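Student: after the sequence you'll find the predicted model.
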Amino acid sequence: LDPLRTKFEAHVRRSGLLAVEKVAQAGEAVDPKQYVDALLEVNVRYTALVNTAFSEDAEFVRALDNACREYVNRNQVCQKNSSKSPELLSKHADNVLKRSQKSSEEDDMEKLLNQVMTIFKYIEDKDVFQKFYSKMLAKRLVHGTSASGDAETSMISKLKDASGFEYTNKLQRMFQDMQTSKDLNKGYEEHQKNSLSGGDSGMDTSYQILGAGFWPLQPPTTNFAPPISLVKAYERFTHFYNDKHGGRKLTWLWNLCKGEIRANYVKMGKVAYTFQVSTYQMAILLLFNDSDTVTYDEIAATTILAKETLDPSIGIMLKARVLTAVPEGKTEPGTTYSLNYNFKHKKTKVNLNIAIKAEQKQEAEETHKTIEEDRKMLMQSAIVRIMKSRKTMKHTQLVSETISQIKSRFSPKVADIKKCIDILLEKEYLERLEGDELGYLA
């Protein structure tokens, strides 16, 4: 049966590569769902064949797994970027977990999550999936866009079963922080009711306290001067929090803050429109409470936002026709903006807090950079751990042992391991002995 198994493995691999080629026509912008569906369709088809025609023969199962691993990790989409499969799989998982599920579709959700795990099994760079997945989970939790808490915990449980406690430890801590934040907000509401200062002057506010060591979130890269109404609210909360937790430092992630603002100047029938906005957009719109027209330079000076953040924030509101500009459509110095009193929309609640493609691309690039740094640290710690236990070891053996220890997280390149060994020699964790031998320095 060996020749048949070899031909079967080659055939499955070819089928997988052809399936990917069909969805890779779009170039850079490969749709995550189409990509994962293509990978799955081949796997499902040949799994059924192995189960029925070959009675789940262990050698044919192994041949199928080898072929799937090959076409999942080394295909046309992965040519430019070998980490593309785990990135697209994590984006597909994000879309699945963001879907608005009805209770009758819970079984469907479980099926979709199992499909994600089928492909996850074959992913070699599991650290890339983890990094992108944790960033997307963080945003789902912060923005409240998860389809269901049960689905989220089910997915984490599946990842834990597949890759161990350490792989999902930070994901579970993120859920704990969300629960702690809920309890904290309840306490703050009580505090506000009993406060002599009268609370947040007509504003409903809620706060999330996220542990910096567990959440893959970066503080904003731009300066920002929040509007006075917000300053009063967050200073009041900061004072309350510091009384409870002395010694902790709060860093405000303005880039992730959002709110709703009522447009009393324009209505659908008798109902005023409500704009769902980022905090940056809120700061811009609130300027129109004091003036009918505001210039670009005034907005820039008041909010102190960097141009790369300010321009898209204004641009989205121009595109939605919430604001009008003279000259028309411009986001640059010398432009004057006014509220559009003829604004119309089919919904009374209008979402202006839309992700900017340039920001998403930059975030993906930054994520890949942090993955590279994390890998260097992981390889170095594995090398030190091995050498601490062995004391002396041949260079080639150390490379092989390092690959063996970390291949469950990603497939390391021999050249990268050698670089890490050189770094540890420079840092005097290791020393060169006679011949090919390396020694551990305590």
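Tutor: Received it, and whenever you're ready, just let me know what you need.
Student: before we move on, which element is residue 282 in?
Tutor: helix 279-286 (DSSP states H and E).
Student: Provide the strand pairings for whatever helix or strand comes next after that helix, with the direction of each partner.
Tutor: Toward the C-terminus, helix 279-286 is succeeded by strand 293-295 as the next helix or strand (DSSP H and E). Next to strand 293-295 in the sheet, as set by DSSP bridges, lie strand 336-339 (antiparallel).
Student: all strands of this protein, in order?
Tutor: Using DSSP state E, the strands found in the chain span residues 258-268, 271-278, 293-295, 323-326, 336-339, 349-351, 392-394, 430-432, 437-440.
Student: one step back: name the residues of the helix holding residue 282 that are buried.
Tutor: By neighbour count on 16 or more other CB atoms under 10 Å, the buried set for helix 279-286 is 279, 280, 281, 282, 283, 284, 285, 286. Just so you know, the C-beta spots here come from the backbone N, C-alpha and C atoms, and that holds for glycine as well.
Student: equivalent analysis for stretch 376-393, please.
Tutor: Across stretch 376-393, burial judged by 16+ other CB under 10 Å covers 378, 379, 380, 382, 383, 384, 386, 387, 393.
Student: what separates it from the chain centre, distance-wise?
Tutor: With CA atoms, centre = their mean, to the nearest Å as the basis, stretch 376-393 stands 30 Å off its chain's centre.
Student: ok, and what's touching it?
Tutor: Contacts with stretch 376-393, where a contact means CB atoms under 8 Å, 6 or more residues apart in numbering, come from 127, 398, 401-402, 405-406, 409, 412, 416-417, 420-421, 423-424, 429-430, 433, 437-440.
Student: report the buried members of these.
Tutor: Taking 16+ other CB under 10 Å as the criterion, what is buried in the contacts of stretch 376-393 is 127, 398, 401-402, 405-406, 409, 412, 417, 420-421, 424, 429-430, 438, 440.
Student: show me those that map onto helices.
Tutor: Members of those lying in helices (criterion: DSSP state H): 127, 398, 401, 402, 405, 406, 417, 420, 421, 424.
Student: so where's the stretch 201-350 of the chain uncertain?
Tutor: 201-202 (pLDDT under 70).
Student: about what we covered before: which one of the buried residues of helix 279-286 sits closest to residue 270?
Tutor: Set against residue 270, the nearest of the buried residues of helix 279-286 by CB to CB is residue 285 (21.7 Å).
Student: so how far is residue 178 from residue 434?
Tutor: Using CB to CB, to the nearest Å, residue 434 is found at 56 Å from residue 178.
Student: who's more crowded, these two?
Tutor: residue 178 (16 against 6; other CB atoms under 10 Å).
Student: and the pLDDT at the more buried one?
Tutor: pLDDT, the model's per-residue confidence, is 94 for residue 178.
Student: surely it meets residue 141?
Tutor: Yes. The pair formed by residue 178 and residue 141 meets the contact definition of CB atoms under 8 Å, at 5.5 Å.
Student: so what's residue 15 closest to, chain neighbours aside?
Tutor: Nearest non-adjacent residue to residue 15, counting by CB to CB, 6 or more residues apart in numbering: residue 42, 5.1 Å away.
Student: ok, the one you found - contacts?
Tutor: 12, 15, 16, 19, 68, 71.
Student: distance check, it against residue 147.
Tutor: Applying CB to CB to residue 42 and residue 147 gives a distance of 27 Å.
Student: how close does the nearest residue to residue 155 once chain neighbours are set aside sit to residue 137?
Tutor: Closest residue to residue 155 in three dimensions, ignoring its sequence neighbours and counting by CB to CB, 6+ apart: residue 113, at 5.3 Å. For residue 113, the distance to residue 137 (CB to CB) stands at 13 Å.
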